[in-house]
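Enquirer: Below is the sequence, then the predicted model.
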Amino acid sequence: MTPAPPAPAYRGRLAPTASGFLHCGHAHTFAAAADRAKRAGGELLLRIEDIDPQRCRPEYLAAIVEDLAWLGLDWQPAPAAEAGPNGAYLQSRARHRHEAAWRTLARAGLLYPSPHSRRAIAERSPPSERDGGTRFPPELRQPPPRELPHSPGPANWRFRVPEGRVVPFTDARCGPQTFTAGEDFGDFLVWRRDDAPAYELAGAVDDLAQGITEVVRGEDLLLSTARQILLLEALGATPPSYCHLPLTRDPTGRRLSKTERDLSLRELRARGHSPGEVLAMPSG
């Protein structure tokens, strides 16, 4: 029997959300991720994060694959069970994996259903000094359910953070980082009331299942990294390495958004820009 080839020492991923058209900030980040994988002699996967039923649309999914191919990026094909256009992973096809992680965490007493609305939470808690977001107040915590339901949704489920737990990691670009659970962030969502896994859970679980060794993404997700490290450790897994890149901003200094069309890759292509010109645009 011929032995299986060894797994690559480096495996990265591109993980765009199918909720809008990509802009030149995505191009910078994804090109950097591809370059890091190439320099390491490793592999690159494309995972389309399409689990938000309110925002994700098929036309955005198709456009993402087209735009990334136009940029000259390529990736390892996904297995048939999770494959979408051009060999991309579709996160929506991994619900079994997300539910299994939810069940493991819930059985360990680390999750609880949370009935509180965003407005109720905002009224009880000041913004976090680290990212300006609302920190879930511990007095609104609920006890773990006595009986675990068969499935998580439709309900909001939160991860009970270990108060005072320091979460350190060293970022390949930003250097040593330290976040404190209960201070920099509170109990966070892992499952939403629209019966979809939240970003923190789905991304961390898929990175683990897909053998990702380094996550390359924007520096606005540094705090998410601390949350995902806690989740992975609670699942008995070793987190990958991380590299957070500067955000691309428009001429006024505002960070780019999918809701702004001027610097979308679709618009830049329509204006006749080449991939090289797009990647040469200023960032950070």
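Expert: Arrived safely, thanks for sending.
Enquirer: From residue 226, how far off is residue 157?
Expert: Noted for residue 157: a distance of 19 Å to residue 226, by CB to CB, to the nearest Å. Every residue, glycine included, has its C-beta placed from N, CA and C.
Enquirer: can you map out the strands along the protein?
Expert: With DSSP state E as the criterion, the chain has strands at 11-14, 43-48, 89-90, 111-113, 157-159, 166-171, 175-180, 188-192, 196-197, 214-218, 241-245.
Enquirer: Now render the ones you listed as JSON lines, adding distance to residue 55.
Expert: Compiled in JSON lines, those are given as follows (distance: least, CB to CB, whole Å):
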{"stretch": "strand 11-14", "distance to residue 55": "19"}
{"stretch": "strand 43-48", "distance to residue 55": "13"}
{"stretch": "strand 89-90", "distance to residue 55": "15"}
{"stretch": "strand 111-113", "distance to residue 55": "23"}
{"stretch": "strand 157-159", "distance to residue 55": "20"}
{"stretch": "strand 166-171", "distance to residue 55": "28"}
{"stretch": "strand 175-180", "distance to residue 55": "27"}
{"stretch": "strand 188-192", "distance to residue 55": "12"}
{"stretch": "strand 196-197", "distance to residue 55": "10"}
{"stretch": "strand 214-218", "distance to residue 55": "18"}
{"stretch": "strand 241-245", "distance to residue 55": "23"}
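Enquirer: can you redo those strands as JSON lines with mean neighbour count?
Expert: Shown next, in JSON lines, are the strands of the chain (neighbours: other CB atoms under 10 Å):
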{"stretch": "strand 11-14", "mean neighbour count": "25"}
{"stretch": "strand 43-48", "mean neighbour count": "23"}
{"stretch": "strand 89-90", "mean neighbour count": "24"}
{"stretch": "strand 111-113", "mean neighbour count": "20"}
{"stretch": "strand 157-159", "mean neighbour count": "25"}
{"stretch": "strand 166-171", "mean neighbour count": "14"}
{"stretch": "strand 175-180", "mean neighbour count": "13"}
{"stretch": "strand 188-192", "mean neighbour count": "24"}
{"stretch": "strand 196-197", "mean neighbour count": "25"}
{"stretch": "strand 214-218", "mean neighbour count": "21"}
{"stretch": "strand 241-245", "mean neighbour count": "20"}
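Enquirer: wait, which of those is closest to residue 272?
Expert: The closest of these to residue 272 is strand 11-14. By CB to CB, the value is 25.0 Å.
Enquirer: Pairing partners for that closest one, with directions?
Expert: strand 43-48 (parallel) (DSSP bridges).
Enquirer: If I take the strand it pairs with and strand 214-218, what angle do their directions form?
Expert: Here the directions of strand 43-48 and strand 214-218 differ by 50 degrees (axes from the mean of the first three to the mean of the last three CA atoms, to 10 degrees).
Enquirer: what's strand 43-48 in contact with?
Expert: Residues outside strand 43-48 that contact it (CB atoms under 8 Å, 6 or more residues apart in numbering): 8, 10-18, 33-34, 37-38, 61, 64-65, 68, 73-76, 78, 84, 86-91, 206, 210, 212.
Enquirer: Just give me how far it sits from the chain centre.
Expert: Counting by CA atoms, centre = their mean, to the nearest Å, strand 43-48 is centred 13 Å from the centre of its parent chain.
Enquirer: so where's the stretch 101-250 of the chain uncertain?
Expert: Counting by pLDDT under 70, the stretch 101-250 of the chain contains low-confidence ranges at 126-133.
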